[in-house]
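> Below is the structure, and that's it, no one-letter string:
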């Protein structure tokens, strides 16, 4: 299929996990893809593995000037931006009484400000082309609460609010804005969470995993490819009527 031929997609946090799976899915649809991230070596390796049609640029999404420069590098290679996947995120956990200002600010800067910066930097291209797809990777933590993740839950709720508001603002334009909300997904972030559970509680691997999956009716981790399939669908021209939505990919877990 080549439903996205001649469309340039940027994926932040694109060097691994969900971001890399989304990039592969968009490449399969015919898009040209630019990966954005902080780790140049990992970006280079991932882009090389994906092959033709893939570029990368180094930037921290919390740094507006650096991100703008990365977007300009991307345009020089693949042209105007038609698709933006705001995927970059961090997920530290901490009891609220130990959540200091530095942790709070870091989570908000990456998970919320990064979405704001990226979207503002890409929107003019979408308006000029008469086509745009913005997909924000939120989380089921943006739809419900989880203990010891106050900062993360607050940030991901903010992303959903951002998505709903901007979708209304752009509804009369051929630009859609949606969020995808994965449940616990088989990525480095979840593996780190399992390590923390084991370290702090003394649970074994099976018990630690069971605690994460307690609310999932399917009793399993989501795969990055399952999240990517939802994003792929939202980016197609045929999904023009889907905007302002939060698509949950969580094995039947409901809020």
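Alright, I've got the coordinates. Keep in mind the model is a prediction, meaning the values are calculated, not measured. Numbers count the residues shown, from 1 in each chain.

> For residue 4, give me the backbone phi and psi.
When quoted as degrees, to the nearest 10, the phi and psi of residue 4 stand at phi -120, psi 30.

> same check, this time on residue 246
Per degrees, to the nearest 10, the backbone of residue 246 is at phi -120, psi 100.

> Not counting sequence-adjacent ones, nearest residue to it?
What sits nearest to residue 246 in space, not counting adjacent residues and going by Cβ to Cβ, 6 or more residues apart in numbering, is residue 179, at 4.5 Å. Where you see a C-beta, it was placed from the backbone N, CA and C, and this is true even at glycine.

> where exactly do the helices run in the protein?
Ranges of helices in the chain, per DSSP state H, are 17-28, 40-50, 64-78, 101-108, 114-129, 150-169, 188-201, 205-212, 224-235.

> quick one: average confidence on stretch 247-254?
Across stretch 247-254, the average pLDDT comes to 93.

> Geometric centre of the protein: which residue is closest?
residue 87 (2.0 Å; Cα atoms, centre = their mean).

> Let me know the pLDDT of it.
Taking residue 87 on its own, its pLDDT is 98.

> now do residue 84
Looking at residue 84, its pLDDT is 99.

> Now do the contacts for the residue nearest to the centre of the chain.
Counting by Cβ atoms under 8 Å, 6 or more residues apart in numbering, residue 87 touches 11-14, 18-19, 22, 137.

> any idea which helix or strand of the chain has the worst average confidence?
helix 188-201 (a mean of 72; mean pLDDT, DSSP states H and E).

> Please identify the buried residues of that helix?
For helix 188-201, the neighbour count (16 or more other Cβ atoms under 10 Å) marks 189-190, 193-194, 197 as buried.

> again with stretch 17-35
17-27, 29, 31-35.

> where in the stretch 101-250 of the chain is pLDDT low?
Applying pLDDT under 70 to the stretch 101-250 of the chain flags the ranges 197, 200-201.

> how close does the residue of the chain positioned farthest from its centre sit to residue 64?
Most distant from the centre of the chain: residue 202, at 31.4 Å, with distances by Cα atoms, centre = their mean. Using Cβ to Cβ, to the nearest Å, we find residue 202 at a distance of 43 Å from residue 64.

> Which of the buried residues of helix 188-201 sits closest to residue 95?
Distance to residue 95, by Cβ to Cβ, is smallest for residue 197 among the buried residues of helix 188-201, at 13.8 Å.

> OK, contacts around residue 14?
Here residue 14 is in contact with 20, 22-23, 33-37, 43, 46, 56, 85, 87 (Cβ under 8 Å, 6+ apart).

> Distance to residue 211 added to those, as JSON lines?
Putting the contacts of residue 14 into JSON lines (distance: Cβ to Cβ, whole Å) gives the following:
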{"residue": "20", "distance to residue 211": "27"}
{"residue": "22", "distance to residue 211": "28"}
{"residue": "23", "distance to residue 211": "31"}
{"residue": "33", "distance to residue 211": "36"}
{"residue": "34", "distance to residue 211": "37"}
{"residue": "35", "distance to residue 211": "33"}
{"residue": "36", "distance to residue 211": "33"}
{"residue": "37", "distance to residue 211": "30"}
{"residue": "43", "distance to residue 211": "33"}
{"residue": "46", "distance to residue 211": "31"}
{"residue": "56", "distance to residue 211": "36"}
{"residue": "85", "distance to residue 211": "30"}
{"residue": "87", "distance to residue 211": "26"}
